[in-house]
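*Asks:* Okay, sequence plus prediction incoming.
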Amino acid sequence: MLVRFALAKRVVISMPMWNFGIPDKLKHWFDLIVQPGLAFSFAPLDGFRGLLKNRPTLVILASGLDYAAGMNRGQRDLATPYLHEILRFIELTDVRFVAIGPMGGPTAAGF
C-alpha cells in the first residue's frame with residue numbers, strides 16, 4: 001500500500017466531505033501509512049521529518065454545500081485543514097485543492 005503511494009509520480013485524492021470531515025476509509029488509510037519509519041521519522045534534536053518525496057498532489061473535495069463561496073450556513077470544512085496538515089506532515093507540500101459544491105439541495109438539483 002505505501003510502496004505504490006511512495007512510487008507515484010502524482011497523487012490524486014478524490015473524495016466526498018462526510019460530516020464536515022473525510023470519509024472513515026480515507027482516515028483509516030492515512031492511519032495505516034502515517035507511521036514512524038514508514039511516512040515520517042522523529043529525532044529528539046530534529047523533530048518530525050516526512051519521509052515521502054514531494055510531488056504534485058490534487059485533492060478533489062465534493063460537498064453538499066458551497067464552502068468555496070461561503071454558502072455553508074455557518075458550518076466548517078474540517079476536511080481541507082486536516083488534509084493540508086496530514087499531507088504536509090509526510091512531506092507532500094505541492095498540493096492543490098479543488099472544491100466541488102454544492103452537490104446537494106435545491107441549488108445543486110437546479111430547482
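*Replies:* Yes, it's here.
*Asks:* wait, Val95 sits on Thr57?
*Replies:* Yes. Counting by C-beta atoms under 8 Å, Thr57 is a contact partner of Val95 at 4.5 Å. To be clear about C-beta, it is placed using only N, CA and C from the backbone, and glycine gets the same treatment.
*Asks:* what do the two both touch?
*Replies:* Jointly contacting Val95 and Thr57 under the rule C-beta atoms under 8 Å, 6 or more residues apart in numbering are Leu87.
*Asks:* Surely Ala8 and Asn54 touch.
*Replies:* No. In this structure Ala8 lies outside contact range of Asn54 using C-beta under 8 Å: 11.8 Å.
*Asks:* Do a quick rundown of the strands in this protein.
*Replies:* Using DSSP state E, the strands of the chain run over 11-16, 40-43, 47-50, 57-62, 95-100.
*Asks:* any idea which residue sits dead centre in the chain?
*Replies:* Leu83 (3.0 Å; C-alpha atoms, centre = their mean).
*Asks:* quick one: that one and Ile90, what's the gap?
*Replies:* In this view, Leu83 and Ile90 are 11 Å apart by C-beta to C-beta, to the nearest Å.
*Asks:* Any idea which helix or strand in this structure has the lowest mean pLDDT?
*Replies:* Sorting the helices and strands of the chain by mean pLDDT, DSSP states H and E puts helix 105-109 at the bottom, at a mean of 57.
*Asks:* Flag the shaky bits of the chain, pLDDT-wise.
*Replies:* Within the chain, the segments meeting pLDDT under 70 span 1, 68-75, 105-111.
*Asks:* So which residues of it form helices?
*Replies:* For the chain, the helices defined by DSSP state H occupy 2-7, 24-33, 79-89, 105-109.
*Asks:* Throw those helices into JSON lines and include distance to Pro16, thanks.
*Replies:* Shown next, in JSON lines, are the helices of the chain (distance: least, C-beta to C-beta, whole Å):
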{"stretch": "helix 2-7", "distance to Pro16": "21"}
{"stretch": "helix 24-33", "distance to Pro16": "10"}
{"stretch": "helix 79-89", "distance to Pro16": "9"}
{"stretch": "helix 105-109", "distance to Pro16": "13"}
